[in-house]
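> Requesting a structural model of the entry that follows:
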Amino acid sequence: MEYAKYLCAYGRTPRGEINWYKYRLDRIISQRMEPLDWQDTRVPQLLREQYLANCLPTPKTVNGMLKEAWGCDFYKEIGLMILRFDRDFHQSYMKGITIHHTFTAIDCDRAALLIKQYTPHPQHRQTLLEILHHRPTTDAYYQVYYRITDYYVVRWLRALGAKVEVMLPYQLREEIALDSQNSWHQYKFPFRN
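This is a model prediction of the structure:
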């Protein structure tokens, strides 16, 4: 199902930071690998200090971070998302499934309140509230905490296409809309305007 396998590891990233990073295994295997002792000068100082202080992340730490928000990139920033599903699609396909334990059904009024709270730009806030006002109140609304820019989350939203609508955050809504427009342009008949 996946194009490549990844190793998520804590250490020096390609940008030189000490943080989590997903490395493609086929690229790692193609390079010469060599084990290093913790005292080796090639081990970054910050990483060595965390090791000596017994502060390196553990599987328990990772599992805790995965529980905080939806997405595989557990080390990324967390944001709030509101999704809308057409009532019939929700009844047939979404109701009763588990996406993440923070994936919670809300009513339309709660969606409006969250949009007001989590949309700092006044024009974006007004736009989202107007869109919400024109959607059926009988549709299903959910809130979920997710990992911002997590590719797994974005891929899931793209796969559902027009069956899901991102109501919050505004930037993700715009990104999904642009993807849809680009797909439409790619598939439309080439001689039509």
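> per-domain residue ranges of this structure.
6-56, 66-184 (automatic domain parsing).
> Deepest-packed of the ones you listed, please.
domain 66-184 (a mean of 16; mean count of other Cβ atoms under 10 Å). C-beta coordinates here come from the backbone N, C-alpha and C atoms, glycine included.
> Could you list the low-confidence segments of this protein?
1-3, 29-31, 189-193 (pLDDT under 70).
> Geometric centre of it: which residue is closest?
With distances taken as Cα atoms, centre = their mean, the residue of the chain nearest its centroid is Asp150 (3.2 Å).
> my read: that residue touches Lys76, true?
Yes: using Cβ atoms under 8 Å, Asp150 is in contact with Lys76, at 5.9 Å.
> Mutual contacts of these two, please.
When Cβ atoms under 8 Å, 6 or more residues apart in numbering defines a contact, no residue borders Asp150 and Lys76 alike.
> Is Leu7 located within a helix, as I assumed?
No: judged by DSSP: H, G, I helix; E, B strand; the rest coil, Leu7 forms no part of a helix; its state is strand.
> Now for it: which residues touch it?
Lys22, Tyr23, Leu25, Ile28 are the contacts of Leu7 under Cβ under 8 Å, 6+ apart.
> Which helix or which strand is home to the last one?
Following DSSP states H and E, the helix or strand that holds Ile28 is helix 25-29.
> That helix - contacts with which helices or strands?
Counting contacts by 3 or more Cβ pairs under 8 Å, 6 or more residues apart in numbering; DSSP states H and E, helix 25-29 is packed against strand 6-12.
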